[in-house]
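Peer 1: Predicted coordinates and the sequence they were generated for:
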Amino acid sequence: MTVGETGRGLLELTRPVNVIAASALTFIGAFVAGGVAEEPLAVAAAVVATGLAVGAGNAINDYFDREIDRINQPGRAIPRGAVSPRGALAFSGLLFAGAVALAVTLPATAIAIAGVNLLALVAYTEFFKGLPGLGNALVAYLVGSTFLFGAAAVGEIAPAVVLFVLAAIATLTREIIKDVEDIEGDREEGLNTLPIAVGERKALVVAAVLLVVSVVASPIPFLRGYFGVAYLLVVAPADAVMLLAAYESFADPTTGQSRLKYGMFLAALAFIVGRAALEVPLLV
Ligand SMILES: CC(C)=CCC/C(C)=C/CC/C(C)=C/CC/C(C)=C/COC[C@H](O)COP(=O)(O)O
Ligand SMILES: CC(C)=CCC/C(C)=C/CC/C(C)=C/CC/C(C)=C/COP(=O)(O)OP(=O)(O)O
Ligand SMILES: [Mg+2]
């Protein structure tokens with residue numbers, strides 16, 4: 001194994017797209033709270049802490065999942081031999097340490113959120129992932145909490161609460177669909193995920209109902225005055241993409257969960273556009 005292959009493997013362990021996306025969510029939380037200009041260093045610390053935490057969480061997940069992934073995802077860095085299990089664990093520890101070092105420089109509420117999240121990231125795979133719905137709910141909380149964490153870094157947490165709920169429900173939908181996709185490997189590993197506990201179709205119905213709830217609730221940030229009317233112009237297509245993805249998941253969970261992620265990214269863009277629109281009189 002060359003140094004380059006190991007380096008690429010370590011980067012792959014972090015799932016860089018998720019690192020960037022989750023870091024962006026933390027920034028959006030701070031942006032929606034209106035504190036980016038006043039507290040740039042705190043925002044930067046929160047954003048980088050989030051990225052390091054997500055990278056650490058993904059790396060330790062692949063460490064604990066190395067046997068499942070030999071079935072479900074043999075091309076991943078540890079099963080294909082690009083990174084050793086011990087190397088992945090040490091790398092995760094390093095990233096966790098960096099996240100803690102940055103999080104402790106933030107206000108108390110942000111430190112509390114980071115503390116809960118870091119413990120949850122370490123515990124997820126070994127203790128929660130195999131519990132029907134609970135593991136999904138924990139990942140959903142973690143994704144939604146980025147908005148709270150970014151807002152708490154600059155002070156005002158209230159506007160981020162609605163975003164937390166919307167993102168958590170949409171993520172819960174996608175996690176359930178991903179478990180339907182992974183059902184064979186999870187069954188081999190003896191995990192009792194929701195699709196294994198209640199059946200694939202019932203799990204997909206639960207996922208679809210949850211997504212409809214989040215779509216119906218998606219105008220709330222505009223109705224509460226947190227976002228300008230431009231938000232509706234962007235969240236509407238995002239809602240449509242997510243609803244279509246949930247429908248597609250019944251026939252093809254792999255395509256469905258992947259398209260759902262794109263709809264969620266578009267929804268995150270809607271949050272940015274909606275808050276920015278408040279600064280433009282015509283778009284309020
Ligand atoms: C209805 C409405 C307006 C919903 C809001 C949706 C929203 C903004 C959701 C945020 C989702 C997002 C952009 C998450 C960041 C990426 C991330 C950290 C996802 C969690 O990863 C866990 C996942 O199981 C990893 O699997 P994979 O993505 O396949 O690598
Ligand atoms: C704000 C702070 C300090 C932290 C935020 C932490 C966040 C946003 C975490 C996002 C979710 C995440 C990275 C969870 C880690 C566990 C994980 C990768 C779950 C999904 O993995 P599996 O259920 O094993 O499915 P796959 O490995 O097949 O994707
Ligand atoms: Mg995994």
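Peer 2: Thanks, I have the structure now. Numbering: from 1, shown residues only. Ligands and ions are numbered 1, 2, ... in the order given.

Peer 1: Surely Gly228 touches Ile272?
Peer 2: No: when contacts are counted by Cβ atoms under 8 Å, Gly228 is not listed as touching Ile272 (11.5 Å). Every residue, glycine included, has its C-beta placed from N, CA and C.

Peer 1: more neighbours, the two?
Peer 2: The neighbour comparison of Gly228 against Ile272 (other Cβ atoms under 10 Å) goes to Gly228, with 21 against 17.

Peer 1: residues in contact with the residue in the stretch 101-250 of the chain positioned nearest to ligand 3?
Peer 2: Closest to ligand 3 within the stretch 101-250 of the chain is Thr125: 6.7 Å, counting by Cβ to the ion. The contact partners of Thr125, taken as Cβ atoms under 8 Å, 6 or more residues apart in numbering, are Ile60, Asn61, Phe64, Asp65.

Peer 1: And the third one, what's its pLDDT?
Peer 2: Looking back up the chat, that one is Phe64. As predicted, Phe64 sits at a pLDDT of 93.

Peer 1: Identify the residue nearest it in space, chain neighbours excluded?
Peer 2: Nearest in space to Phe64, with sequence neighbours left out and distances taken as Cβ to Cβ, 6 or more residues apart in numbering, is Thr125 at 3.9 Å.

Peer 1: my guess is Ile220 meets Val162, correct?
Peer 2: Yes: the pair Ile220 / Val162 is scored as a contact, 5.4 Å apart, by Cβ under 8 Å.

Peer 1: how deep is the closest residue to Glu189 other than its chain neighbours tucked in, by neighbour count?
Peer 2: What sits nearest to Glu189 in space, not counting adjacent residues and going by Cβ to Cβ, 6+ apart, is Ile68, at 4.7 Å. Other residues near Ile68 come to 20 when the count uses other Cβ under 10 Å.

Peer 1: And the next helix or strand past the strand or helix carrying Ile68?
Peer 2: Using DSSP states H and E, Ile68 falls within helix 66-72. Using DSSP H and E, the helix or strand that follows helix 66-72 towards the C-terminus is helix 85-103.

Peer 1: Please see if that next one touches ligand 3.
Peer 2: No: Helix 85-103 lies out of reach of ligand 3 by Cβ under 5 Å from the ion, never closer than 11.8 Å.

Peer 1: Contacts for that helix, please.
Peer 2: Residues outside helix 85-103 that contact it (Cβ under 8 Å, 6+ apart) are 6, 10, 13-14, 45-46, 48-50, 52-53, 55-57, 59-60, 62-63, 66, 77-78, 83, 110-111, 114-115, 118, 121-122.
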